[in-house]
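Participant: What would the 3D arrangement of this be:
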Amino acid sequence: MVQAVLEKFNIRLDLDRDNLSRHRLLLLIFLMQALTVWGLLSYHGLSDYLSLNLYAEPMYMALGVIVFAKLISYLVRFSGYDPEEKSKARMLADFRAGWLNADYLLAFLVPILFLPPFISLFSSLKTVIPEIHSFDLDQTFADLDRMLHFGIDPWVITHSVFSGALAAGIMDFCYKLWFLLMFIFVLWQVVNVSLGHARVQFLCAFLLVWFLLGNLGAILMSSAGPCYYGVVLPGNDLFLPLMDKLGIYYDELKAAGGFFQLESRDLQRQLLAYYQNGELGAGSGISAMPSLHVAVAMLLYLSAREMNRFAGWFFLAFLVIIQVSSVHLGWHYAIDGYFSIIATWAIWRFSGWLMFVSVTEGEE
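Facilitator: The predicted model follows:
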């Protein structure tokens with residue numbers, strides 16, 4: 001009966017070996033992260049924080065929007081066919097060839113089914129970082145920042161160059177834009193199966209960045225960041241002048257009521273409440289080193305430049321803005337971003353090598 005249905009709809013079940021090898025690698029990374037998070041939370045008696053569905057609803061809603069957009073784009077293309085080609089049979093044939101084959105279904109379903117639990121597991125572990133390794137490196141990173149910038153705190157430099165409330169509001173907007181650009185770029189990579197090797201290299205690097213840097217790196221180099229410096233090191237808040245300045249800008253922009261606001265201050269307070277109450281939620285968890293904002297911006301640049309020169313220049317500029325904004329708004333030490341840029345480049349190259357090895361082994 002199953003075979004009859006498959007034959008009726010012309011669903012092809014044979015898999016391309018390279019495609020299978022690449023997506024098997026993605027599944028292995030998913031499994032490695034899940035087992036690591038489960039093991040660490042269980043070992044430290046924190047299993048109550050384990051969650052798989054924090055981001056399922058927004059992820060699948062966004063997927064629905066993108067699939068709808070792809071359908072509209074196909075209908076536009078279909079409308080350009082010659083009159084004799086415009087038939088229900090041609091439409092069904094296109095759909096079967098493009099969607100109902102095992103290669104496409106494997107490439108599409110593997111990331112879309114596992115990305116929401118993957119990011120949820122990331123948040124589960126990030127929320128309890130200080131329970132596993134207390135924030136004890138903030139002083140070290142603050143000192144390194146000052147040493148690397150000739151005895152000057154990097155935030156002093158950024159606020160000297162980009163002074164005033166409006167500049168802070170623009171940087172805050174760009175920092176929020178990071179979420180949207182990342183979301184769109186990742187889902188675009190998920191649905192565009194035809195990108196092949198470059199697509200899977202990006203997805204592999206994306207998973208490894210969040211796992212190796214965002215989880216394991218954040219535990220090993222546990223730090224809270226400048227905006228929480230006074231919380232983890234009470235009595236000697238080196239960044240109080242920065243936070244006071246941002247507080248003034250926040251009030252100025254709020255009173256002006258314009259488009260640009262300083263919503264980072266509200267988010268910083270919300271994350272602090274999560275931290276102090278030991279709560280798990282979407283986006284919860286405090287961690288400075290390494291900077292995932294900078295790491296993901298670097299990854300978007302590395303991927304985009306492989307596909308389009310102008311997209312590469314755009315994301316390079318965006319990377320610079322995110323690095324500066326992360327310091328300007330008190331989220332990160334400058335060294336958090338410098339480390340993330342180097343580490344992400346290494347992960348990108350490593351992901352390309354993994355793709356090559358997985359395909360080579362699949363041919364043997």
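Participant: can you count the residues close to the residue lying closest to Leu242 once chain neighbours are set aside?
Facilitator: For Leu242, ignoring the flanking residues on the chain, the nearest one in space by C-beta to C-beta, 6 or more residues apart in numbering is Trp155 at 5.0 Å. The way it works is simple: take the backbone N, C-alpha and C, and place the C-beta from them, glycine included. Here the count is done by other C-beta atoms under 10 Å, and Trp155 has 24 residues near it.
Participant: Show me what the host helix or strand of His293 is in contact with.
Facilitator: Assigned by DSSP states H and E, His293 falls within helix 292-307. Helix 292-307 has contacts (C-beta atoms under 8 Å, 6 or more residues apart in numbering) with 175, 178, 181-182, 185, 189, 195, 198, 201-202, 205-206, 209-210, 213-214, 311-312, 314-316, 318-319, 322-323, 326, 331-332, 336-337, 340-341, 343-345, 347-348.
Participant: Low-confidence ranges, the stretch 151-300 of the chain, go.
Facilitator: 279-283 (pLDDT under 70).
Participant: The same query, at a cut-off of 80, please.
Facilitator: Applying pLDDT under 80 to the stretch 151-300 of the chain picks out residues 191-197, 278-285.
Participant: hey, where'd the helices end up in it?
Facilitator: 154-161, 165-191, 197-208, 218-220, 229-232, 240-256, 263-277, 292-307 (DSSP state H, counting those that start in this stretch).
Participant: Point out the other helices and strands that the shortest one packs with.
Facilitator: Read it as helix 218-220. helix 129-132 (3 or more C-beta pairs under 8 Å, 6 or more residues apart in numbering; DSSP states H and E).
Participant: average model confidence for the helix it packs on?
Facilitator: Averaged across helix 129-132, pLDDT comes to 90.
Participant: residues of stretch 253-272 that come out buried?
Facilitator: Leu253, Phe260, Gln261, Leu262, Ser264, Arg265, Leu267, Gln268, Leu271 (16 or more other C-beta atoms under 10 Å).
Participant: gap between the two ends of stretch 221-234?
Facilitator: 20 Å (C-alpha to C-alpha, to the nearest Å).
Participant: Pro58 - that's part of a strand, no?
Facilitator: No. According to DSSP: H, G, I helix; E, B strand; the rest coil, the state of Pro58 is helix, so it is not within a strand.
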